[in-house]
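Chemist: here's a sequence, model it:
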Amino acid sequence: MDNRILKWLILVALALLIIAFLIFWFGGPSFSESGVHLSIEGLGQASVGDEITYKVKYSNSTKIDLSKLKFSFYYPEESVVMKNGSPISNLSEDFTIDKLSQGQSGEKEFKVFLVGNRGDIKTAKIKLLYRASGLTSEFEKTTSFPTTITSLPVSLTLVAPPNTISGQTVNYILDYRNESGNDISDLRFEFTYPDGLSIQNVQPANSGASNVWNVPLMKKGQGSRISIQGILTGREGESKTISVLLKKKAGSSYINYEKATSSSVISNPILNLDIIANNSKTYSAILGEGISYRVLYTNNSNFNLIGLNLVVKLEGDMYDFNTVSANDGFYDASAKTIQWNSSTISDFANLPPNKKGEVAFSVKIKNSYPQTSGTKNTFIKASARLSTPNTPEGVDGDEVATDASLITKISTQPVFAQSVYYNDPSYGSSGPFPPKVGQETTFTVHWQLSNPGSDVSDAKVVATLPLGVTWKNIISVGANQPEPTFNSNTSQITWDLKTLSQGVGIYLAKYETSFQISIKPVINQKGSPVTLLKNIKFTGKDTNTAQLLVISASDVDTNKLVDKQDQGNVE
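Modeler: Now for the predicted structure:
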């Protein structure tokens, strides 16, 4: 009897143990990492300078609580983070949560300004470290979100010579243009110069630091150029990089907005090559003009160089390629290149030490600018490369080569039009015509300006009213354009435009004004026309070439009206 009871007791204990184990195994709390959710939301595409908001979302759908959660958010590379109105240098940010209960979720926002170039992919990342209740291990979860830069508010083109010889003059050019739909204010260009560069000249002149240019306002469609000239020294084969950061003011600081870089390689000094246009390195051309190029070469070494080949490439929309005259060279119209070799230039068969020579070619500039925007229409470029694969003994490399290039600026040619009416379409007519002695007759003067080329600074039109001509102070101008003024002490009319932007009258609104003047002829003017305007002149300065521009218009009298030709003698 006792043995049976003992067996039953053992069986009951085993059953209870099994039940307890099953309850613990299947009925208790469990943990799976897949139940911890972490994500980033943001914009997939953006423009440089846009403020992007990244939203980090997290949730706990497991059956247990999470503890000691540490989040580390990593901003995209080169982005700008503002805190309390100032940029910070640290591009990561941490935050912690003591406990995230079952079913609980949350989110946090991070704001940043993106910096880069078109096509760059900027990636934000988030990392989470946490613990699960009842477990001693620490778990980690990460995710990221990419944003592609699709547009640049300001186009930057930074040009450096691809090759240069140590100790020679180099010219760097930055062309920029506001391609956004709005005016942009408080901009700054900040250059980083390569080691070994000694600055000689900069245009336009800057104040303060030699590598900083401030632009208080860049209007929609407006562009300009910064030129830097200096002597560059370095070791053969060394790459020299110049870079520029475009910064925008935010609060009391300037933050990075866009960047551009360009490099030059210190080339082999065995050969020297240079290009001049119309006998000058700094020649400024005009529309319709012919350019005569000379490519000068020198063997600086003690070697005889054999089998030389010279190639010149012409770049620029303003070349009239139909007018290329290559002399002894072969012109490839499809590649826009001219080539010379030993079959046409005897020196290229065997160029002895210290021998100098030159080749020449010519081409015309187009008679007018294209009907499109862009600083590329304000210059032309000729690039030359002289090389031979026959490397002298003791000279490293697969070839001996040297490069040279020349950028020739094209001076702008604004168009100034003047017309004078008696019976103006907008103002009508007032007074007799032909003019009569003792009676007042009113005339309407129209001035119009267009500018297909570079920006023109200090732009203005002036004219003088002769004795007996009266300023009526009735004026009309285009939208957001300045009005002409009249100085009674000098009898001079001045239409001060400050800056005549590239593209005015082409793809920007034409500048135009109209104003009225009057005469009351006296007896000694009877039988003759009366002069209405004299000394009419447009003046300005081409910001690209720094040339002074002057356009003079003929004096106007009552016989030179648009609507009343040769009918203006006083009666």
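Chemist: where in the protein is pLDDT low?
Modeler: Along the chain, the parts satisfying pLDDT under 70 run over 1-13, 15-30, 268, 370-377, 396-397.
Chemist: domains in it, by residue range?
Modeler: Listed domain ranges for the chain are 35-151, 153-267, 269-410, 415-557 (source: automatic domain parsing).
Chemist: can you put those domains in JSON lines and add distance to V570 and mean neighbour count?
Modeler: The C-beta positions use only the backbone N, C-alpha and C, and glycine is treated the same way. Listed next are these as JSON lines, based on distance: least, CB to CB, whole Å; neighbours: other CB atoms under 10 Å:
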{"stretch": "domain 35-151", "distance to V570": "62", "mean neighbour count": "15"}
{"stretch": "domain 153-267", "distance to V570": "47", "mean neighbour count": "17"}
{"stretch": "domain 269-410", "distance to V570": "42", "mean neighbour count": "17"}
{"stretch": "domain 415-557", "distance to V570": "4", "mean neighbour count": "17"}
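Chemist: reformat those domains as a markdown table; add distance to N569.
Modeler: As requested, the domains of the chain are arranged in a markdown table below (distance: least, CB to CB, whole Å):
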| stretch | distance to N569 |
| --- | --- |
| domain 35-151 | 62 |
| domain 153-267 | 47 |
| domain 269-410 | 39 |
| domain 415-557 | 6 |
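Chemist: out of the ones you listed, which is closest to D563?
Modeler: With CB to CB as the criterion, D563 lies closest to domain 415-557 of the domains of the chain, at 5.3 Å.
Chemist: now the closest one, how far from the chain's geometric center?
Modeler: Domain 415-557 sits 35 Å away from the centroid of its parent chain (CA atoms, centre = their mean, to the nearest Å).
Chemist: between the two ends of it, how far is it?
Modeler: End-to-end distance of domain 415-557: 22 Å, with CA to CA, to the nearest Å as the criterion.
Chemist: same check on stretch 129-138?
Modeler: 7 Å.
Chemist: same deal with stretch 82-100?
Modeler: Start and end residues of stretch 82-100 are separated by 29 Å (CA to CA).
Chemist: give me the distance from that stretch to the chain's centre.
Modeler: Offset of stretch 82-100 from its chain centre (CA atoms, centre = their mean): 33 Å.
Chemist: what's in contact with it?
Modeler: With CB atoms under 8 Å, 6 or more residues apart in numbering as the test, stretch 82-100 has contacts from 58, 60, 65-77, 79-81, 106, 108, 110-111, 113, 130, 250-253, 255.
Chemist: among those, which ones are in strands?
Modeler: The strands, defined by DSSP state E, take in 58, 60, 66-74, 81, 106, 108, 110-111, 113, 130, 250, 253, 255 from these.
Chemist: tell me which element the nearest residue to T464 once chain neighbours are set aside is part of?
Modeler: Leaving aside its chain neighbours, T464 sits nearest to N535 (4.5 Å; criterion: CB to CB, 6 or more residues apart in numbering). Counting by DSSP states H and E, the element that carries N535 is strand 531-542.
Chemist: if we can go back for a sec, who touches the residue nearest to T464 in this structure?
Modeler: By CB under 8 Å, 6+ apart, the contact list for N535 reads V462, A463, T464, D555.
Chemist: can you add distance to M218 and secondary structure and give the residues you listed back as TSV?
Modeler: Compiled in TSV, these are given as follows (distance: CB to CB, whole Å; DSSP: H, G, I helix; E, B strand; the rest coil):
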residue	distance to M218	secondary structure
V462	28	strand
A463	32	strand
T464	36	strand
D555	39	coil
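Chemist: mind listing the helices for the chain?
Modeler: Using DSSP state H, the helices assigned to the chain run over residues 2-22.
Chemist: strands along the stretch 451-571 of the chain, start to end?
Modeler: Counting by DSSP state E, counting those that start in this stretch, the stretch 451-571 of the chain has strands at residues 456-464, 469-477, 485-487, 492-500, 511-519, 531-542, 548-553, 556-557.
Chemist: could you dump the first one to CSV, C-alpha only?
Modeler: What follows is strand 456-464 as a C-alpha-only set of coordinates in CSV (Å, rounded to 0.1, in the frame of the first residue of the first chain):
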residue,chain,number,x,y,z
VAL,A,456,28.1,96.4,-67.2
SER,A,457,28.8,98.4,-64.1
ASP,A,458,28.4,102.2,-63.7
ALA,A,459,26.0,102.1,-66.6
LYS,A,460,24.2,105.3,-67.4
VAL,A,461,22.8,107.4,-70.3
VAL,A,462,23.3,111.2,-70.3
ALA,A,463,22.1,113.9,-72.6
THR,A,464,21.9,117.7,-72.6
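Chemist: in its sheet, what does that strand sit against?
Modeler: strand 492-500 (antiparallel), strand 531-542 (antiparallel) (DSSP bridges).
Chemist: figure out which of the strands of the stretch 451-571 of the chain is closest to T442.
Modeler: strand 511-519 (4.4 Å).
Chemist: what's the angle from the closest one to strand 531-542?
Modeler: Using axes from the mean of the first three to the mean of the last three CA atoms, to 10 degrees, the inter-axis angle of strand 511-519 relative to strand 531-542 is 160 degrees.
Chemist: which neighbours in the sheet does strand 511-519 have, and how are they oriented?
Modeler: In the sheet, strand 511-519 lines up against strand 441-450 (antiparallel), strand 469-477 (antiparallel) (DSSP bridges).
Chemist: mind putting those in CSV, distance to N178 included?
Modeler: Output for these, formatted as CSV (distance: least, CB to CB, whole Å):
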stretch, distance to N178
strand 441-450, 20
strand 469-477, 23
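Chemist: to V312, which of the ones you listed lies closest?
Modeler: Among these, strand 441-450 comes nearest to V312, with 34.2 Å by CB to CB.
Chemist: between the closest one and strand 548-553, how big is the angle?
Modeler: Using the same axes, to 10 degrees: strand 441-450 against strand 548-553 is 150 degrees.
Chemist: just the CA trace of strand 441-450, in CSV.
Modeler: Written as CSV, here are the backbone C-alpha positions of strand 441-450 (Å, rounded to 0.1, in the frame of the first residue of the first chain):
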residue,chain,number,x,y,z
THR,A,441,5.0,122.0,-78.7
THR,A,442,5.7,118.9,-76.7
PHE,A,443,7.8,115.9,-77.8
THR,A,444,8.3,112.4,-76.3
VAL,A,445,11.8,110.8,-76.1
HIS,A,446,12.3,107.0,-75.8
TRP,A,447,15.5,105.4,-74.6
GLN,A,448,16.0,101.6,-74.7
LEU,A,449,18.9,99.4,-73.7
SER,A,450,19.7,95.7,-74.2
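Chemist: hang on, V461 packs against T485?
Modeler: No. At 11.4 Å, V461 and T485 do not qualify as touching, with contact defined as CB atoms under 8 Å.
Chemist: spit out the residues that contact these two alike.
Modeler: Joint contacts of V461 and T485 (CB under 8 Å, 6+ apart) are T494, W495.
Chemist: any idea how far apart the tips of stretch 192-206 sit?
Modeler: End-to-end distance for stretch 192-206, by CA to CA: 15 Å.
Chemist: quick one: contacts of it?
Modeler: Defining contact as CB under 8 Å, 6+ apart, one finds that stretch 192-206 is touched by 166, 169-170, 210-214, 225-234, 240-245, 264, 543, 546.
Chemist: run the chain-centre distance for that stretch.
Modeler: With CA atoms, centre = their mean, you get 19 Å for stretch 192-206.
Chemist: equivalent analysis for stretch 326-335, please.
Modeler: Relative to its chain's centre, stretch 326-335 lies at 32 Å (CA atoms, centre = their mean).
Chemist: cool, stretch 87-105 as well?
Modeler: In this view, stretch 87-105 has its centroid 39 Å away from the chain centroid, taken as CA atoms, centre = their mean.
Chemist: ok, the residue nearest to S325 when sequence neighbours are not counted to G329 distance?
Modeler: Using CB to CB, 6+ apart and skipping residues adjacent in sequence, the residue nearest S325 is S362, 4.7 Å away. Distance of S362 to G329, computed by CB to CB, to the nearest Å: 11 Å.
Chemist: and if you look at K472?
Modeler: Where G329 is concerned, K472 sits at a distance of 63 Å (CB to CB).
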